[in-house]
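Q: Make a model of this:
(4 chains)
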Protein chains: 2
Amino acid sequence: MAPLHDSASRVDRICLVVRRAIIERALAPGDKLPEDALGERFGVSRTIARQALGQLAGEGLVDLRRNRIAVVATPTFEEARDTFDIRVELERLVVRHLAGRLSADQIAELNTHIARQETAATGPEAASIRLATDFHVLLARMTGKPILIRYVSEVAYRSGLSLSAYGRPHSPECGVAEHRSLVDAMVEGDRDEAIRLMVGHLQSVAQRAFLPETHARTKSLIDVLAPYMEG
Amino acid sequence: MAPLHDSASRVDRICLVVRRAIIERALAPGDKLPEDALGERFGVSRTIARQALGQLAGEGLVDLRRNRIAVVATPTFEEARDTFDIRVELERLVVRHLAGRLSADQIAELNTHIARQETAATGPEAASIRLATDFHVLLARMTGKPILIRYVSEVAYRSGLSLSAYGRPHSPECGVAEHRSLVDAMVEGDRDEAIRLMVGHLQSVAQRAFLPETHARTKSLIDVLAPYMEG
DNA sequence: TATACATTTATCGCATACGATCTGTGCAGG
DNA sequence: CCTGCACAGATCGTATGCGATAAATGTATA
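A: Below you'll find the model as predicted:
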């Protein structure tokens, strides 16, 4: 009787929550994720927490080192750049497949999402960031291609983590306007233009985040504290 | 003192072996992988075997269904096609990055690999298939980009699985000749030509495998046995 | 003979327990 | 006062056990 395990096992629930916490920047790179604490927090044993951490590590969101507490991954600057390179190619595939083939329902769903994004733009930062990421995942889902969905989601989350490490405070990054014009182009069936917009969109996100030398969290604690040590 | 766990934990060792068995077609799609059996085979407990299966499932090589024995994944025909589409884009990135930048050591390593492949072409099928896949993984590794390496490896193994499901018996698929001319173009620094060769190579592999309607292993046991039941 | 049902057996899901390893703190020595 | 070692606490790695679930087998009935 007791649904001891909701169909989508508890492992997935933990992964979901942690992933979301990471892209919303509630968890920052380097933050610790002890198995005991996680398990207790979710009312499960270490076994389950451990599995979740393993899965997240597979997605590159968590670093697992032997006999050490798991931590939120800290992508290197190069990894962040590479992730975006891959992301561009994958999302190009998404747009190539969707342009001119969106059903009425899908168009409606996209518009709804964008509307929510606009609303959230004035609200708390977390929701805004999450919706921006979800837009890309939503697009991927619409291809109906499981493998593409998985990879796009993964690089999207990884990108969020990279932005958390190196990006600026999130000026409505992933501008809603760019999302809207992208959808418009896809609805029009202008495939080349849609691809161009998507690539441009992603590159501008990456550039806004990476070009200015905000190698912020790469610095060691000493470097961070240096400015305060002159008093 | 006893190195109870070789640095690369036993989980990884199991994954390695199973992956290899899959691309070498010693394990076919649908083959069962019970936790007990795996664990006993490797001298570890179910816990470890279970973790390995989880990881392999994450890579798409294994299907995991609740309370059911894990099985080698059976990609659908569409998934197989999609995998190749993604693979083309990823390996295009690899070539784009490597063309004209290969070190002498790397060139030597590639030539050595190709030589081994030529030798193996006359030997058992398994070794030939494995080396063909490893060539692509080797290229990816040379980029030094961890994320690219991971994704290329994954789609390469997945492709191997797809070929196992839908491909023909493996006429030196992934022709060694194509590998060699690809390396030549990269050494020459002719980036566009190298990319063209890689894309062509992958597409020809996919075509040789998928175009002819050899939906072989999709048939049920009954269908497979039908031809023998007329005696 | 074929179908539906009950029983058995194999296998998984998860928690727990014990041993191993690391991290940090206090104490002794330089 | 600083450095190095030793001990204690925290955390992880793995095996094992018990309950739950599904597949496999056998049996009764139409």
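Q: what residues are up against A:Ala21?
A: By Cβ atoms under 8 Å, 6 or more residues apart in numbering or on different chains, the contact set of A:Ala21 is A:Leu27. All C-beta atoms are positioned from the backbone trio N, CA, C, and that covers glycine.
Q: and if you look at A:Ala140?
A: A:Ala140 makes contact with A:Glu91, A:Val94, A:Leu148, A:Ile149, A:Val152, A:Ser153, A:Ala156, according to Cβ under 8 Å, 6+ apart.
Q: distance of it from A:Tyr151?
A: 8 Å (Cβ to Cβ, to the nearest Å).
Q: same question, A:Glu125
A: For A:Glu125, the distance to A:Tyr151 (Cβ to Cβ) stands at 27 Å.
Q: higher neighbour count, the two?
A: A:Tyr151 (24 against 15; other Cβ atoms under 10 Å in any protein chain shown).
Q: Give me the pLDDT for the more buried one.
A: You'll see A:Tyr151 listed with a pLDDT of 98.
Q: How about the one 5 residues further on?
A: Looking at A:Ala156, its pLDDT is 98.
Q: I figured it hits A:Leu90, correct?
A: No: taking contacts as Cβ atoms under 8 Å, A:Ala156 lies outside contact range of A:Leu90: 9.1 Å.
Q: residue ranges for the helices of chain A, please.
A: With DSSP state H, the ranges of helices along chain A come out as A:10-23, A:35-42, A:46-58, A:77-98, A:104-120, A:125-142, A:146-166, A:176-188, A:191-210, A:221-225.
Q: give me every residue that touches the residue of chain A found nearest DNA strand D.
A: Residue nearest to DNA strand D within chain A (Cβ to the nearest atom of the strand): A:Glu35, separated by 3.5 Å. By Cβ under 8 Å, 6+ apart, the residues touching A:Glu35 are A:Arg46, A:Ala49, A:Arg50, A:Leu53, A:Ala70.
Q: and with 10 Å instead?
A: Contact analysis of A:Glu35 by Cβ atoms under 10 Å, 6 or more residues apart in numbering or on different chains lists A:Ser45, A:Arg46, A:Thr47, A:Ile48, A:Ala49, A:Arg50, A:Gln51, A:Ala52, A:Leu53, A:Ile69, A:Ala70.
Q: a markdown table for the residues you listed, including distance to DNA strand C, pLDDT and neighbour count?
A: What follows is the contacts of A:Glu35, written out as a markdown table (distance: Cβ to the nearest atom of the strand, whole Å; pLDDT from 0 to 100; neighbours: other Cβ atoms under 10 Å in any protein chain shown):
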| residue | distance to DNA strand C | pLDDT | neighbour count |
| --- | --- | --- | --- |
| A:Ser45 | 3 | 96 | 13 |
| A:Arg46 | 5 | 96 | 15 |
| A:Thr47 | 4 | 96 | 13 |
| A:Ile48 | 4 | 96 | 20 |
| A:Ala49 | 8 | 97 | 25 |
| A:Arg50 | 8 | 97 | 18 |
| A:Gln51 | 7 | 97 | 21 |
| A:Ala52 | 10 | 97 | 29 |
| A:Leu53 | 13 | 97 | 26 |
| A:Ile69 | 8 | 96 | 14 |
| A:Ala70 | 12 | 97 | 22 |
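Q: how about JSON lines for these, with distance to A:Gly175 added?
A: Shown next, in JSON lines, are the contacts of A:Glu35 (distance: Cβ to Cβ, whole Å):
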{"residue": "A:Ser45", "distance to A:Gly175": "44"}
{"residue": "A:Arg46", "distance to A:Gly175": "42"}
{"residue": "A:Thr47", "distance to A:Gly175": "43"}
{"residue": "A:Ile48", "distance to A:Gly175": "39"}
{"residue": "A:Ala49", "distance to A:Gly175": "37"}
{"residue": "A:Arg50", "distance to A:Gly175": "39"}
{"residue": "A:Gln51", "distance to A:Gly175": "37"}
{"residue": "A:Ala52", "distance to A:Gly175": "33"}
{"residue": "A:Leu53", "distance to A:Gly175": "34"}
{"residue": "A:Ile69", "distance to A:Gly175": "37"}
{"residue": "A:Ala70", "distance to A:Gly175": "34"}
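Q: Run through those residues and flag the ones next to chain B.
A: A:Thr47, A:Arg50, A:Gln51 (Cβ under 10 Å from any Cβ of the partner chain).
Q: Can you verify my assumption that the last one contacts B:Gln51?
A: Just to be clear, that refers to A:Gln51. Yes: counting by Cβ atoms under 10 Å, A:Gln51 touches B:Gln51, with 7.6 Å between them.
Q: mind checking how far A:His136 is from A:Val152?
A: 7 Å.
Q: Name the residues of chain A found near DNA strand C, please.
A: Those residues of chain A that sit near DNA strand C, judged by Cβ under 7 Å from any atom of the strand, are A:4-5, A:9-11, A:44-48, A:66-68.
Q: between those residues, which is closest to B:Thr119?
A: Nearest to B:Thr119 among the residues of chain A next to DNA strand C is A:Arg66, at 38.0 Å by Cβ to Cβ.
Q: residues near the spatially closest residue to A:Val44 that is not a sequence neighbour, how many?
A: Nearest non-adjacent residue to A:Val44, counting by Cβ to Cβ, 6 or more residues apart in numbering or on different chains: A:Arg10, 5.3 Å away. Under the neighbour criterion other Cβ under 10 Å, A:Arg10 is assigned a count of 19.
Q: Point out the most buried one among the helices of chain A.
A: Burial of the helices of chain A is given as mean neighbour count (mean count of other Cβ atoms under 10 Å in any protein chain shown); helix A:146-166 ranks first at a mean of 23.
Q: for that one, packing partners?
A: Under the contact definition 3 or more Cβ pairs under 10 Å, 6 or more residues apart in numbering or on different chains; DSSP states H and E, helix A:146-166 sits against helix A:10-23, strand A:70-72, helix A:77-98, helix A:125-142, helix A:191-210, helix B:77-98, helix B:146-166.
Q: Assess the claim that A:His179 and A:Arg116 are in contact.
A: No: with contact defined as Cβ under 10 Å, A:His179 does not count as touching A:Arg116 (11.3 Å).
Q: Show me the common contact partners of these two, please.
A: With Cβ under 10 Å, 6+ apart as the test, A:His179 and A:Arg116 both reach A:Leu131, A:Phe135.
Q: so who does the closest residue to A:Ile23 other than its chain neighbours touch?
A: With sequence-adjacent residues excluded and distances taken as Cβ to Cβ, 6+ apart, A:Ile23 is closest to A:Gly160, at 3.6 Å. The contact partners of A:Gly160, by Cβ under 10 Å, 6+ apart, come to A:19-20, A:22-25, A:61, A:129-130, A:132-133, A:136, A:167, A:173-174.
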